[in-house]
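Undergrad: What would the 3D arrangement of this be:
(chains A and B, ligands or ions: 2)
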Amino acid sequence: MQPSDQPVVQANKLVKSYPRGSEIVHAVVDIDVEIQQGEYVAIVGASGSGKTTLLQLLGGMDRPTSGTISIAGKEISKLSDRELTRLRREQLGFVFQHFGLLSTLTVAENVALPAILNHKPNHSRVDELLERTGIIHRRNHRPSELSGGEMQRVAIARALINEPKLLLADEPTGNLDSATSERILELIGELNKDGLTIVVVTHNEKLAQCAHRIIQLSDGRIVNTA
Amino acid sequence: MIKIILKNLWRRPIRTGLTLVGLSLSAALMTCLLSFGQAYESAIRTDLDRMGMQMMLVPLGCPYDGAARALKGRTLDSSLPESALIIAQKDPAVSLAAPVYTAAIPRKGEKRTDMWVGLDDATIKMHSWWKFTPGSHGFDGPNSVILGSEAAATELRKPGDRLYSPETNRDFMVAGVLERSGTSDDSLFFIPLKTAQQMFGEPGRLTAISIRLKDPSPPEIAATAARLQKIPGAQVTTLTEMLGVFLNLIASAKTLVMAITVVALVVSLFSVFNTIMANVIERTRELAVMRAIGMSKLGLFNAMLMESVVVSVSGALCGILLAATGGGWMERAVHPYLPLAPSEGLQSVTLNAALSATTMIMLAGICAGLYPAWVASRLHPSAALRLDI
Ligand SMILES: Nc1ncnc2c1ncn2[C@@H]1O[C@H](COP(=O)(O)OP(=O)(O)OP(=O)(O)O)[C@@H](O)[C@H]1O
Ligand SMILES: [Mg+2]
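TA: Numbers count the residues shown, from 1 in each chain, chains lettered A, B, ... in the order given. Ligands and ions are numbered 1, 2, ... in the order given. The predicted model follows:
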C-alpha cells in the first residue's frame, strides 16, 4: 500500500501532440499536476484547449508524447497495455458525456460489467450502488428506456463498482438540462464528501464552483489554478 | 461474457438471422454431401462383402461394366460358355462357383423391363441373405419361379400361384416370394438356370460366375485370379477391383462435392465476416468504452472472435438438423443414377460428416472473425471520449 499522503495522480511536464496533416498539434503542453487523495478538481477552458486530452492522460487512456505520469503510484510508461488496462479497471472510474452504456445490457448488467471484467462479480454491490445513485427502480430496464439523467446515474454507478481511487468525468452534464445537471452535481459532490477523488472536465460554471480546485487551460497550457 | 456476446448478436436479429440461414444451408449441404459419400462407400462395401465372394468371371469386354450389370441383374451383350464354370469348379482354390444367366423381357405394354435371372443351387447358396415370405420354398421343378418382393407385388402373385409369361409363352408356379430387401433383388424374377437358358434360346451360356474361395487371403485371390484368367472367352474381376472402380466412379462426383463444399464454405465465411465487421463498426463507441473501463486488447479480440464462433457454430448446428430432417429427398433424388446403388439407406447423417461440417464451418467462422476482431482490438480506449454523439 502507498502512504495516504502520496498523490493519486502526479504528472510532470506532460506533452501530448497529434499529427494533423503536415503539422503537429500540441494539445497539451508542459503540464505539471498533482491530484491529492480526496480532492475535487475541475478542468475548464475553451473548446479545443486540451481538456479532454489532459483527462485521457490522467485516466491512463492514452500515453503522453513526453513527460511522466504516475497513477495510483504506478509510472504508466513502464506498464504494458494489459497492466494499464488493469490499472484503469481497478483504480479508476470513468463517466462520459455520452454516458457510454451498452445498449444491449440492462442497467444492472451495465453496472456489473467492470466487476465481471475484473472477475469479481458482486450482485449486492450492484444493488447498493443503484440505491446510492437513486436508480434502483430501473435496474432491469434497458438504457434506451431511461432519461439522460438516469443514464448518467447508471454510468456513475458503473464507474464506482470496482471501488476506484479516482473518478474521471468528461462533461458529465454536457447532455443534460440544468435541473438534471444539478441533481448529478449533487451526487458527485456527495461522492466526494464520502472521500472519493474526483476530476471533472466541464463547461458548467456551477460544477466548477463546487470543486476544491479549478485548473484552467488555454491552448494546452495551465493558465490559472484557483 | 457469453451473455453479452449473445445479446450483441441478438441486437440485429435480421442480420444475424440471415447469416444463420445462409450458414445452416451451407452446413446442411456439406453434411448431406459428406454423409452421402461416406455412407455410399460403406454401403457398397457391405453389399459386396455379404455376397461372400472374392471375384467374378465375366465375358470378355469391359469387365467392370460387366460385373456391375451382373450384380444388378442386368443383361450382358455377350456371354460365357458353360465350360468356364466347369473349369472354375475344378480349380482347387474355389469353394463355390455360382453361375447366373440373366435376360431381359421388355414389357412394352407396361412400359418396363422385367429381369429374369437363372440360378443354380450354388448360386442360391451364395445368396445367403435371401429371406422368404411365409409359405415360400425353393425351386421344386423346372417351371418354378421365385419372385422378388416388388415383382410379386406388380404381378399380384403369392406362393402357390401360377404365373404366365406371354412373351416367352411359358407357365410357371410361384415357389417362393422374397421379403423386401431394398436391393435390386426386389424387382427380379428368379428361375432355375437350365430353364432360363432354354427360355431365352441360349443353352449352355452364362452371364457371369461368382467365385467364393476357400481361403480369401489376398495372395490366394491373386493366384486364383491369374489361373482363372486363362479360361478362354472369360475374364476375372476381383471384388477389390470392382470396389475400386465403383469408388472411382464416385470420385469424380466427390470432386464436384468438394467444389460445392468449398463454395459453401467461402459463402459462409463472407457472411460471418460481414456480420461481425458490421457489428464492430456499428459498436465502435461501445467497444472503445469497454476498453476504457477495463477490457484488455486480447479480451476484446477474443470476445469478437467468440461472436463469430457462436454465429458459425449455431449455423452449423441448425444446418445439421436441417440435413438430418430434410436430407432424405436428396438420397431419393440421386439413388437411381448411382452405379451399383447400395441397398442400405444413405440418407442418415453420419456423425463423422456432421463433425467435419461443424469443424470446417467453425474454422471458416474463426478465419472470418479474425480481421474484425483485430480491428476491434486496435480501438484505442481514448476513443471513448473522442467520438461524438
Ligand atoms: N486524436 C486526435 N487527433 C488529432 N488532433 C486531436 C486529437 N484529439 C484532439 N486533438 C486536437 O487537440 C486539441 C485539444 O483537443 P481536446 O479534445 O483535448 O479539447 P477540449 O478542450 O476537450 O475541447 P472541447 O471542449 O471541444 O471538448 C484540439 O485542437 C483537437 O483538435
Ligand atoms: Mg473535450
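
Undergrad: Identify the residues contacting the residue nearest to residue B:96 when sequence neighbours are not counted.
TA: Closest residue to residue B:96 apart from its sequence neighbours, by Cβ to Cβ, 6 or more residues apart in numbering or on different chains: residue B:212 at 4.1 Å. To be clear about C-beta, it is placed using only N, CA and C from the backbone, and glycine gets the same treatment. Listed by Cβ atoms under 8 Å, 6 or more residues apart in numbering or on different chains, the contact set of residue B:212 reads B:52-54, B:94-98, B:126.

Undergrad: Kindly report the same for residue B:153.
TA: Listed by Cβ under 8 Å, 6+ apart, residue B:153 has no contact partners.

Undergrad: so how far is residue B:243 from it?
TA: Residue B:153 sits 32 Å away from residue B:243, going by Cβ to Cβ, to the nearest Å.

Undergrad: Over to residue B:109?
TA: According to Cβ to Cβ, residue B:109 and residue B:243 sit 39 Å apart.

Undergrad: and the next element down the chain from the lowest-mean-pLDDT helix or strand in chain A?
TA: Ranked by mean pLDDT, DSSP states H and E, the weakest helix or strand in chain A is helix A:205-210, scoring a mean of 79. Sequence order places strand A:213-218 as the next helix or strand after helix A:205-210, per DSSP states H and E.

Undergrad: Quick check: buried residues in the following helix or strand past that next one?
TA: For strand A:213-218, the following helix or strand on the C-terminal side (DSSP H and E) is strand A:221-225. Along strand A:221-225, these residues count as buried under the neighbour rule (16 or more other Cβ atoms under 10 Å in any protein chain shown): residue A:222.

Undergrad: what angle sits between strand A:221-225 and strand A:213-218?
TA: Computed by axes from the mean of the first three to the mean of the last three Cα atoms, to 10 degrees, the angle separating strand A:221-225 from strand A:213-218 equals 140 degrees.

Undergrad: picking up where we left off before, just the pLDDT for the residue nearest to residue B:96.
TA: Note on residue B:212: pLDDT of 88.

Undergrad: Checking my notes, it in a strand, right?
TA: Yes. When DSSP: H, G, I helix; E, B strand; the rest coil is applied, residue B:212 is found to be in a strand.

Undergrad: In the stretch 151-300 of chain B, where is pLDDT below threshold?
TA: Residues of the stretch 151-300 of chain B meeting the criterion pLDDT under 70: B:182.

Undergrad: er, chain A I mean
TA: A:1-5.

Undergrad: and it, which of its residues are near ligand 1?
TA: Within chain A, the positions adjacent to ligand 1 are A:18, A:20, A:25, A:27, A:45, A:47-53 by Cβ under 6 Å from any ligand atom.

Undergrad: Send me stretch B:190-210 as PDB with only the CA atoms.
TA: What follows is stretch B:190-210, C-alpha atoms only, in PDB (Å, rounded to 0.1, in the frame of the first residue of the first chain):
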ATOM      1  CA  PHE B 190     -35.600 -66.000 -60.400                       C
ATOM      2  CA  ILE B 191     -35.800 -69.300 -62.200                       C
ATOM      3  CA  PRO B 192     -33.700 -72.400 -62.500                       C
ATOM      4  CA  LEU B 193     -30.600 -71.900 -64.600                       C
ATOM      5  CA  LYS B 194     -31.500 -74.500 -67.200                       C
ATOM      6  CA  THR B 195     -35.000 -73.100 -67.700                       C
ATOM      7  CA  ALA B 196     -33.600 -69.600 -68.200                       C
ATOM      8  CA  GLN B 197     -31.100 -70.800 -70.800                       C
ATOM      9  CA  GLN B 198     -33.800 -72.600 -72.700                       C
ATOM     10  CA  MET B 199     -36.400 -69.800 -72.300                       C
ATOM     11  CA  PHE B 200     -34.000 -67.300 -74.000                       C
ATOM     12  CA  GLY B 201     -32.600 -69.800 -76.500                       C
ATOM     13  CA  GLU B 202     -29.000 -69.800 -75.200                       C
ATOM     14  CA  PRO B 203     -28.500 -73.300 -73.700                       C
ATOM     15  CA  GLY B 204     -25.000 -73.700 -72.200                       C
ATOM     16  CA  ARG B 205     -24.300 -70.000 -71.900                       C
ATOM     17  CA  LEU B 206     -23.800 -68.000 -68.800                       C
ATOM     18  CA  THR B 207     -23.800 -64.300 -68.000                       C
ATOM     19  CA  ALA B 208     -21.400 -64.400 -65.100                       C
ATOM     20  CA  ILE B 209     -19.900 -66.700 -62.500                       C
ATOM     21  CA  SER B 210     -19.400 -65.600 -58.900                       C
END
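
Undergrad: So which residue is smack in the middle of chain B?
TA: Centrality entry for chain B: nearest residue to the mean C-alpha point is residue B:40, 2.3 Å, by Cα atoms, centre = their mean.

Undergrad: Over in chain A, which residue gets nearest chain B? Let me know.
TA: residue A:89 (2.5 Å; Cβ to the nearest Cβ).

Undergrad: residues near that residue, how many?
TA: 20 (other Cβ atoms under 10 Å in any protein chain shown).

Undergrad: Give me every residue in chain A lying close to chain B.
TA: Taking Cβ under 8 Å from any Cβ of the partner chain, the part of chain A that reaches chain B is made up of A:52, A:55-56, A:59, A:61-62, A:81-82, A:85-86, A:88-90, A:94, A:96-98, A:100, A:102-105, A:109, A:113-114, A:116-118, A:158-159, A:162, A:170, A:175.

Undergrad: ok, of these, which come out buried?
TA: A:52, A:55-56, A:59, A:61-62, A:85-86, A:88-90, A:94, A:96-98, A:100, A:102, A:104-105, A:109, A:113-114, A:116-118, A:158-159, A:162, A:170, A:175.

Undergrad: circling back to that earlier point, wait, the residue of chain A closest to chain B touches residue A:118, no?
TA: Yes. With contact defined as Cβ atoms under 8 Å, residue A:89 counts as touching residue A:118 (5.5 Å).

Undergrad: Would you mark the buried spots in stretch B:147-158?
TA: For stretch B:147-158, the neighbour count (16+ other Cβ under 10 Å) marks B:147-149, B:151-152, B:155, B:157 as buried.

Undergrad: Out of those, which is nearest to residue B:280?
TA: Of all those, residue B:280 sits closest to residue B:149, with 61.1 Å by Cβ to Cβ.

Undergrad: if I pick the closest one, what's in contact with it?
TA: B:133, B:177-181, B:186.

Undergrad: want to try CSV for those residues, with neighbour count as columns?
TA: Formatted as CSV, these follow (neighbours: other Cβ atoms under 10 Å in any protein chain shown):
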residue, neighbour count
B:133, 15
B:177, 25
B:178, 24
B:179, 14
B:180, 15
B:181, 14
B:186, 18
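
Undergrad: so of the residues you listed, which ones are in strands?
TA: The strands in this structure, assigned by DSSP state E, contain residue B:177 from the contacts of residue B:149.

Undergrad: would JSON lines of the contacts of residue B:149 with distance to ligand 1 be doable?
TA: Below are the contacts of residue B:149 laid out as JSON lines (distance: Cβ to the nearest ligand atom, whole Å):
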{"residue": "B:133", "distance to ligand 1": "86"}
{"residue": "B:177", "distance to ligand 1": "87"}
{"residue": "B:178", "distance to ligand 1": "83"}
{"residue": "B:179", "distance to ligand 1": "81"}
{"residue": "B:180", "distance to ligand 1": "77"}
{"residue": "B:181", "distance to ligand 1": "77"}
{"residue": "B:186", "distance to ligand 1": "78"}
